[in-house]
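Colleague: Mind folding the following:
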Amino acid sequence: VAGAPVTDWEDYDTHYTERYLGLLPEDKKAYEESSLLPLAPKLERPLLLVHGTADDNVYFRHTLRLTDALVRAGRPFEVMPLPGITHMVGADPTVYERYMTRATAFFREHLGTPK
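Modeller: As a prediction, this is how the structure comes out:
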């Protein structure tokens with residue numbers, strides 16, 4: 001389960017990213033190596049992507065770009081978009097409960113129940 005994942009660091013907050021990956025274009029290789037997009041074909045187990053469509057921290061397009069890469073690679077995944085929700089999923093108790101219920105069901109479905 002991935003909640004609001006940063007999938008391409010070139011498209012994230014520069015103040016945060018530059019501290020760890022350096023400056024573009026000088027350190028472009030670090031950005032390329034940290035992108036999840038080229039790794040999509042290597043996904044072996046099902047993935048649940050959860051993302052608020054109004055997220056102003058990690059934009060929803062991160063999930064859309066990973067979705068595109070996973071579709072093209074034929075990998076197993078699901079998306080749970082949260083319409084109108086920002087990065088703070090817990091701010092809406094109803095949405096948070098639905099998110100946790102779905103994530104728990106996904107884990108049980110793909111990992112089994114504890115013994």
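
Colleague: which parts of stretch 52-66 are buried?
Modeller: Gly52, Asp55, Val58, Tyr59, Phe60, His62, Thr63, Leu64, Arg65, Leu66 (16 or more other C-beta atoms under 10 Å). Any C-beta I mention is one placed from the backbone N, CA and C, and that applies to glycine too.

Colleague: Check which helices and strands the lengthiest helix in the chain is in contact with.
Modeller: Longest helix in the chain, counting residues (DSSP state H): helix 93-111. Packing partners of helix 93-111 (3 or more C-beta pairs under 8 Å, 6 or more residues apart in numbering; DSSP states H and E): strand 47-52, strand 77-82.

Colleague: Only the buried residues of it, if you could.
Modeller: Val95, Tyr99, Phe106.

Colleague: would you list these in JSON lines and tack on pLDDT and distance to Pro83?
Modeller: Listed next are those as JSON lines, based on pLDDT from 0 to 100; distance: C-beta to C-beta, whole Å:
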{"residue": "Val95", "pLDDT": "97", "distance to Pro83": "9"}
{"residue": "Tyr99", "pLDDT": "98", "distance to Pro83": "13"}
{"residue": "Phe106", "pLDDT": "98", "distance to Pro83": "19"}
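
Colleague: right, and the helix or strand after the helix-or-strand element of the chain with minimal mean pLDDT?
Modeller: Lowest by mean pLDDT, DSSP states H and E among the helices and strands of the chain is helix 14-21, with a mean of 89. Heading C-terminal from helix 14-21, the first helix or strand you meet, by DSSP states H and E, is helix 28-34.

Colleague: That next one - contacts with which helices or strands?
Modeller: So helix 28-34, by 3+ C-beta pairs under 8 Å, 6+ apart, packs with helix 14-21.

Colleague: tell me how far the helix it packs on is from the chain's mean position?
Modeller: Helix 14-21 sits 18 Å away from the centroid of its parent chain (C-alpha atoms, centre = their mean, to the nearest Å).

Colleague: again, but for stretch 66-77
Modeller: That offset, for stretch 66-77, works out to 13 Å (C-alpha atoms, centre = their mean).

Colleague: Could you list the buried residues of that stretch?
Modeller: Buried residues in stretch 66-77 (16+ other C-beta under 10 Å): Leu66, Thr67, Ala69, Leu70, Arg75, Phe77.
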